[in-house]
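1. below: sequence and its predicted model.
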Amino acid sequence: MHDLELINVGKVYDDGTVAVAGFDLAVEKGEFVAFLGPSGCGKTTTLRMIAGFETITSGDVVIKGRNVSDLPPERRPTSMIFQNYALFPHMNVFENVEYGLKVRGLAKAERQERVGRILDKFGLSAIAQERADNLSGGQRQRIALARGLVVEPDILLLDEPLGALDANLRRVIQDELKILQRELGITFVFVTHAQSEALGLSDRVVVMSNGKVEQISTPRELYTRPATPFVAGFIGANTIFRGEASQGGAPGRCRIDTRFGPMEGVGDAGALAGRSAIIAIPSDAIAVHPAGWSGSGINTVTSTVLSRDVVGHIGHLSLALDGAEPILVESHVDRFAGLQAGPGDTVTITWEPERSSVLAA
Ligand SMILES: Nc1ncnc2c1ncn2[C@@H]1O[C@H](COP(=O)(O)OP(=O)(O)OP(=O)(O)O)[C@@H](O)[C@H]1O
C-alpha cells in the first residue's frame with residue numbers, strides 16, 4: 001500500500017482559475033518527494049489539497065489506503081510546515097509546539113511529555129519559554145519542524161520551508177532535514193522552486209508546469225532523460241535543436257533532421273516520425289574538438305567560440321551557431337584542459353546518441 005496517492009486530482013478556484021489538472025502520483029512510505037516548477041504552476045495548491053486546507057474539485061486524495069478527500073486537516077495524518085512558518089507570535093515556543101496536540105484533543109500530561117521530548121530533540125528546551133517572535137530564522141524554522149512532527153504525522157508536507165533563510169543556513173538545514181527524514185522514516189512532500197534543493201534532497205521529483213505534471217522521476221533521470229520539452233528546458237543545462245523526426249536511425253534511436261544536419265538520440269522513432277521534435281543534449285554529454293579535428297559522423301556540429309571562462313572547478317564554454325541560440329557547454333574544467341580554442345576559433349561539438357533524447361515538440 002502506498003503512503004499517499006493522488007488520483008486524477010484537480011483544482012479550479014471559484015474565479016475559474018484552473019490551478020491543477022489531472023494530477024496522478026503514488027508515494028511510497030519513507031519517500032522524499034519534491035514538487036518543483038515555476039511560480040504559479042500549482043505546487044502549493046496541490047500541497048494544500050493533500051493537507052486539507054484546500055478543497056479538491058476533482059479526483060481523490062488517498063492516504064494509507066483511506067480516501068481523505070472530505071476530511072478536515074486535523075483529521076488527516078499529515079502536518080504542514082508553512083513557508084513563513086506561521087508561528088503564533090504571542091505564544092512561547094512550548095505553546096507553539098503544543099498547539100497541534102491541543103487541537104487533536106490530547107490530555108495535558110501526554111502533551112507535556114511529547115512536547116518536552118521533541119524540544120529536546122531539536123535543541124530547543126532552553127528557549128521553551130521564549131516568545132516565538134524574539135527568535136532567529138533558524139530557531140523559528142526548527143520550532144516549525146518540531147510543531148509539525150510532534151503530532152507524529154504519516155506525511156510531513158513542507159511548503160518552501162527554507163525560502164526565508166540565508167544561503168549558508170539553508171544548506172545546514174537542508175542537511176538536517178535529510179538526516180531527520182531518514183531517521184524518522186516518514187514520508188516528506190516538499191514544495192520548492194529551487195532546482196538544486198529539489199534535486200539534492202529528494203528521492204523523486206515531480207516537475208510541474210501550468211497545473212500539470214510534466215515528469216515524475218529520480219533527480220538523475222530528469223538530467224539524463226527529460227520526458228518533455230519543458231523539462232529539457234527547465235532542468236540542468238540542455239542544448240536543444242529543433243527539427244523533424246524521421247525513421248532511419250539505429251534501433252531504439254530516433255533521427256531528427258535539423259538545419260545543422262541530421263542528428264540521432266534515444267526516442268521512439270515509430271511514434272515520432274514525421275512530427276516536429278527536439279533533441280535535448282545534456283551539457284556534460286557534449287565533447288568539444290579543436291579546429292582541424294578529423295572525426296566525422298552523426299551528431300557533429302561546427303561552431304565558433306564566443307567566450308570561455310572558469311568558475312571554481314566548472315569550465316563554461318559559449319559557442320555561436322549560425323542564426324541559433326548560443327550553445328552553453330558546462331563541464332569539469334579538466335575536460336577542457338587540452339582544448340586550445342579561444343574566442344573566435346572554430347570548434348566541432350559531438351555527442352553520443354545514447355546520451356541525448358528526441359522528444360515530440
Ligand atoms: N485562492 C485563489 N484563488 C484563485 N486563484 C488562485 C488562488 N490561489 C492560487 N491561485 C492561482 O492558482 C495557480 C496556482 O497557484 P499556486 O500558488 O498553487 O502555485 P505555486 O506553484 O505554488 O506558485 P508559487 O511558487 O508562486 O507559490 C496560480 O495561477 C495562482 O494565481
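-> All right, it came through fine. Numbering: from 1, shown residues only.
2. give me the nearest residue to residue 270, chain neighbours excluded.
-> Closest residue to residue 270 apart from its sequence neighbours, by C-beta to C-beta, 6 or more residues apart in numbering: residue 247 at 7.6 Å. C-beta: built from backbone N, CA, C; applies to glycine.
3. so what's the residue count around the one you found?
-> Neighbourhood size, residue 247 [other C-beta atoms under 10 Å]: 11.
4. the stretch 151-300 of the chain: helices as residue ranges?
-> Using DSSP state H, counting those that start in this stretch, the helices of the stretch 151-300 of the chain run over 167-184, 195-201, 219-224, 229-234, 269-272.
5. tell me how far the residue nearest to residue 270 lies from residue 240.
-> Note on residue 247: its distance to residue 240, by C-beta to C-beta, to the nearest Å, is 22 Å.
6. repeat that for residue 72.
-> Residue 72 is 46 Å from residue 240, where distance means C-beta to C-beta.
7. ok, now residue 192?
-> Distance from residue 192 to residue 240, counting by C-beta to C-beta: 24 Å.
8. please identify which of those two sits among more neighbours.
-> residue 192 (23 against 18).
9. residues from the stretch 151-300 of the chain in reach of the ligand?
-> Within the stretch 151-300 of the chain, the positions lying close to the ligand (C-beta under 6 Å from any ligand atom) are residue 193.
10. now do the contacts for the closest residue to the ligand within the stretch 151-300 of the chain.
-> Nearest to the ligand, among the residues of the stretch 151-300 of the chain, is residue 193, at 5.0 Å (C-beta to the nearest ligand atom). Contacts of residue 193 were listed using C-beta atoms under 8 Å, 6 or more residues apart in numbering, and they are 36-39, 43, 160.
11. which pair of the residues you listed spans the longest distance?
-> With C-beta to C-beta as the measure, no two of those lie farther apart than 38 and 160, at 13.2 Å.
12. how about the residues of the stretch 1-150 of the chain by the ligand?
-> 13, 15, 17, 19, 37, 39-45.
13. out of those residues, name the ones that lie in strands.
-> residue 19 (DSSP state E).
14. for ChimeraX, what selects the buried ones among the residues of the stretch 1-150 of the chain next to the ligand?
-> Buried subset of those, written as a ChimeraX selection, criterion 16 or more other C-beta atoms under 10 Å:
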select :19,37,41,42,43,44,45
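15. what strand or helix carries the spatially closest residue to residue 321 that is not a sequence neighbour?
-> Leaving aside its chain neighbours, residue 321 sits nearest to residue 303 (5.0 Å; criterion: C-beta to C-beta, 6+ apart). Per DSSP states H and E: residue 303 is located in strand 300-311.
16. what is the mean pLDDT for that strand?
-> Regarding strand 300-311, the rounded mean pLDDT is 92.
17. one step back: so the residue nearest to residue 270 versus residue 351, what's the distance?
-> 21 Å.
18. domain-wise, how is this protein divided?
-> Domain assignment for the chain by automatic domain parsing gives 4-224, 238-360.
19. the residue nearest to residue 321 contacts residue 317, correct?
-> No. Using C-beta atoms under 8 Å, residue 303 is not in contact with residue 317, being 9.8 Å away.
20. more neighbours, the two?
-> residue 317 (26 against 22).
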